[in-house]
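Colleague: Sequence plus the predicted model coming up.
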Number of protein chains: 2
Amino acid sequence: MLDTALSLFTRKGYFNTSLQDIRKESGISIGSIYHHFENKEDLARNLFHSLLERFEASVQQIVADHGDCRSRCRAVMKDMFDIAGDHPEMMIFILYARHREFMPHERTICSARPFEITREFIRQGMDDGEIRPMDTWVAASALFGGAVRIIQLHLDGALPDALDSYFEQTWEAGWRAVAA
Amino acid sequence: MLDTALSLFTRKGYFNTSLQDIRKESGISIGSIYHHFENKEDLARNLFHSLLERFEASVQQIVADHGDCRSRCRAVMKDMFDIAGDHPEMMIFILYARHREFMPHERTICSARPFEITREFIRQGMDDGEIRPMDTWVAASALFGGAVRIIQLHLDGALPDALDSYFEQTWEAGWRAVAA
DNA sequence: GTCTATACGAGGATAGAC
DNA sequence: GTCTATCCTCGTATAGAC
């Protein structure tokens, strides 16, 4: 059910997806949906949190597997590209949707755990001299902003080539922007 | 009327803004709105295009005023910061809204003129040796991706300080990412 | 060109059987 | 826990007077 909702939300947008649509595509009746969730917004919120959790687990794993800031950052960016390639719906829903419009009570996405963790080890990289001294927000934006843009272009169908083929250049540009 | 619509669309989102809302806040009756526009989507589209035109004029002016790629890019980024500071609604509507959801027939924003012009003089900067050889999409993303992220963070209320105070660092990081 | 009144449909939500 | 049937609000859009 969540899978169907995710697929529809990202293809048509939250507001263009009716519960009827979800019922038709998932085969689950509206009554059942309301048995599991309070309402449509609650459904979206659950979906959102489950995706964030997967993301967070991913980032935690990366932190555990890599010791220095540079390889952590690179692994996170690679992960973003992989997810965008394999599960574009996930990526769209996480970083492309205007969550505030349909989940007004949710905190803004950048205060979500995986993003906090990332900023945290960027700050650490700065202390260790891997990253030049600068504002943490600027560093995180400069490092990953290019990747986010490229992924959005890809999701919009604007890029001529496969997403993967842009990774190396995007990574190098991002790192150049902040490397000490 | 367009001003009211812009304000409401950016505050509450397109789908959360009813024609009643626009009527109440602008004082103009729904009948009148339909006299000027075909429907709600048409209203949004007109708004969108008028904003893009202002943006394009701005970029054209910058190209005319500056000769080299570096100062052009810097001026464009400064312009983005200025607009985001002075008219946040404009900025939100242009680069933050999921236009496809309510204007399904509109081409994706990155194919809009001002963005094309920008990519064009980036390509030129590459030919002139100001920017290191790389994919044009990657270059544009790396250069401005960080700025877009910072502006979004600002619009989300996530940044502790005034937007302006982040400009210098953001610009330098962006340029470092692509400079030859 | 601007207004009021109203038609009409869609979609979120609920009740209650099984 | 899943279903069907139904309610009811709300929002888009139109008709037609001034």
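Modeller: Nice, thanks for sending it over.
Colleague: so residue A:146 touches residue A:167, yeah?
Modeller: No: using CB atoms under 8 Å, residue A:146 is not in contact with residue A:167, being 11.1 Å away. The way it works is simple: take the backbone N, C-alpha and C, and place the C-beta from them, glycine included.
Colleague: between these two, which one's more packed in?
Modeller: Neighbour count, other CB atoms under 10 Å in any protein chain shown: between residue A:146 and residue A:167, residue A:146 has more, with 33 against 20.
Colleague: Report the contact partners of the more buried one.
Modeller: Residues counted as contacts of residue A:146 (CB atoms under 8 Å, 6 or more residues apart in numbering or on different chains) are A:170, A:173-174, A:177, B:138, B:141-143, B:145-146, B:177.
Colleague: State the helix or strand in which it lies.
Modeller: If you go by DSSP states H and E, residue A:146 is part of helix A:136-155.
Colleague: buried set for that helix?
Modeller: For helix A:136-155, the neighbour count (16 or more other CB atoms under 10 Å in any protein chain shown) marks A:137-155 as buried.
Colleague: Check stretch A:6-15 too.
Modeller: Buried positions in stretch A:6-15, judged by neighbour count with 16+ other CB under 10 Å: A:6-10, A:13-15.
Colleague: Quick check: buried residues in stretch A:65-79?
Modeller: Neighbour-count burial for stretch A:65-79 [16+ other CB under 10 Å]: A:66, A:69, A:72-77, A:79.
Colleague: Can you pick out the most distant pair from those residues?
Modeller: A:69 and A:79 (15.4 Å; CB to CB).
Colleague: show me what contacts residue A:145?
Modeller: A:174, B:141, B:144-150.
Colleague: Give me the pLDDT value at it.
Modeller: What the model reports for residue A:145 is a pLDDT of 97.
Colleague: Repeat that for residue A:33.
Modeller: With respect to pLDDT, residue A:33 scores 96.
Colleague: hang on, isn't it packed against residue A:2?
Modeller: No: at 10.6 Å, residue A:33 does not count as touching residue A:2 under the criterion of CB under 8 Å.
Colleague: can you list residues touching both of those two?
Modeller: Counting by CB under 8 Å, 6+ apart, the contacts common to residue A:33 and residue A:2 are residue A:43.
Colleague: Which one's more surrounded, those two?
Modeller: Between residue A:33 and residue A:2, counted using other CB under 10 Å, residue A:33 has the larger neighbour count: 19 against 16.
Colleague: Can the helix or strand where that one lies be said to contact DNA strand D?
Modeller: Using DSSP H and E, residue A:33 sits within helix A:30-36. Yes: interface with DNA strand D: helix A:30-36 contributes A:30-32, A:34-36 (CB under 7 Å from any atom of the strand).
Colleague: Summarise which helices and strands that helix is packed against.
Modeller: Here helix A:30-36 touches helix A:19-26, going by 3 or more CB pairs under 8 Å, 6 or more residues apart in numbering or on different chains; DSSP states H and E.
Colleague: Alpha carbons of the helix it packs on, in CSV - could you do that?
Modeller: Provided in CSV are the C-alpha atoms of helix A:19-26 (Å, rounded to 0.1, in the frame of the first residue of the first chain):
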residue,chain,number,x,y,z
LEU,A,19,-7.7,7.8,-2.3
GLN,A,20,-9.6,6.3,-5.2
ASP,A,21,-6.4,6.3,-7.2
ILE,A,22,-4.6,4.5,-4.5
ARG,A,23,-7.5,2.0,-4.1
LYS,A,24,-7.6,1.3,-7.8
GLU,A,25,-3.8,0.7,-8.1
SER,A,26,-3.2,-1.2,-4.9
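Colleague: Give me the contacts around it.
Modeller: With contact meaning CB under 8 Å, 6+ apart, helix A:19-26 is reached by A:1, A:3-5, A:7-8, A:12, A:28-30, A:33, A:40.
Colleague: Now do the residue lying farthest from the centre of chain A against residue A:2, distance only.
Modeller: In chain A, the residue that sits farthest from the middle, by CA atoms, centre = their mean, is residue A:31; the gap is 30.9 Å. Going from residue A:31 to residue A:2 by CB to CB, to the nearest Å gives 17 Å.
Colleague: Equivalent analysis for residue A:171, please.
Modeller: On the measure of CB to CB, residue A:171 and residue A:2 end up 32 Å apart.
Colleague: one step back: kindly reformat the contacts of residue A:145 as JSON lines containing distance to DNA strand D.
Modeller: Converted to JSON lines, the contacts of residue A:145 look like this (distance: CB to the nearest atom of the strand, whole Å):
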{"residue": "A:174", "distance to DNA strand D": "40"}
{"residue": "B:141", "distance to DNA strand D": "34"}
{"residue": "B:144", "distance to DNA strand D": "33"}
{"residue": "B:145", "distance to DNA strand D": "33"}
{"residue": "B:146", "distance to DNA strand D": "36"}
{"residue": "B:147", "distance to DNA strand D": "33"}
{"residue": "B:148", "distance to DNA strand D": "29"}
{"residue": "B:149", "distance to DNA strand D": "31"}
{"residue": "B:150", "distance to DNA strand D": "32"}
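Colleague: After the helix or strand residue A:56 falls within, which helix or strand is next?
Modeller: Secondary structure from DSSP H and E places residue A:56 in helix A:40-65. Sequence order places helix A:69-86 as the next helix or strand after helix A:40-65, per DSSP H and E.
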